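A.B. asks: Provide a 3D model corresponding to the input given below.
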Amino acid sequence: MINVAQLTRNSRLVLIALLAAFALPAAHAQQQTVPAVPTTPQHNGVDASGFGDPSPRDPDQARMMKDMSRERNAIRQKQIVDDTAQLLDLAKQLKDAVDKSSKDQLSLSVVNTATEIEKLAKVVKEKMRDGQ
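C.D. replies: Predicted structure coming up:
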């Protein structure tokens, strides 16, 4: 006579063996099909800003980039010269307005001119920093 408890145990062992037989090759196949992901970034001639390699190997491209840099610097320098000339004019206007005012009165135009000078001076300072 066959013991029911023993039959159940044998059935469990067969079931576990079958699961192991089918599950292990499937898990192994999944591990093999995962492609390796490169960990280092690949450079394709474009830097983080998207404007191209900062040090190109092509001499024509290097010359063109140098020319563009010179042109940008020339434009920036012209803007700085123009802004400083405007600063000088505003400073003269402020001095004239302060000379005309008395010690007890301060006009709103004097305060506005001083604020405009401050803003323009900040712009000039930022443009000078950008050139470095």
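A.B. asks: if I read this right, D130 contacts R76, doesn't it?
C.D. replies: Yes. Contact criterion Cβ atoms under 8 Å: D130 and R76 qualify, at 6.8 Å. C-betas here are computed from N, CA, C, even on glycine.
A.B. asks: Who has more neighbours out of these two?
C.D. replies: Taking neighbours as other Cβ atoms under 10 Å, D130 and R76 compare with R76 leading, 14 against 11.
A.B. asks: On the three-state scheme, the more buried one is what?
C.D. replies: helix (DSSP: H, G, I helix; E, B strand; the rest coil).
A.B. asks: Likewise for D104?
C.D. replies: With three-state DSSP as the criterion, D104 reads coil.
A.B. asks: For it, give me its contacts.
C.D. replies: By Cβ atoms under 8 Å, 6 or more residues apart in numbering, D104 lies in contact with nothing.
A.B. asks: Relative to T115, how far out is it?
C.D. replies: Distance from D104 to T115, counting by Cβ to Cβ, to the nearest Å: 21 Å.
A.B. asks: try Q79
C.D. replies: Taking Cβ to Cβ, one finds Q79 at 21 Å from T115.
A.B. asks: more crowded one of these two?
C.D. replies: Q79 (13 against 10).
A.B. asks: Thought D130 was touching the more buried one, still the case?
C.D. replies: No. With contacts counted by Cβ under 8 Å, Q79 stays clear of D130, the gap being 10.3 Å.
A.B. asks: Can you give me the neighbour number for S101?
C.D. replies: Around S101 there are 13 residues (other Cβ under 10 Å).
A.B. asks: Now it: closest residue in space, sequence neighbours ignored.
C.D. replies: S107 (6.2 Å; Cβ to Cβ, 6 or more residues apart in numbering).
A.B. asks: quick one, phi/psi of that neighbour?
C.D. replies: Backbone torsions of S107, given as degrees, to the nearest 10, read phi -80, psi 160.
A.B. asks: Look at it and say how many residues are nearby.
C.D. replies: Neighbours around S107, by other Cβ under 10 Å: 12.
A.B. asks: now swap in G131 and tell me
C.D. replies: Around G131 there are 10 residues (other Cβ under 10 Å).
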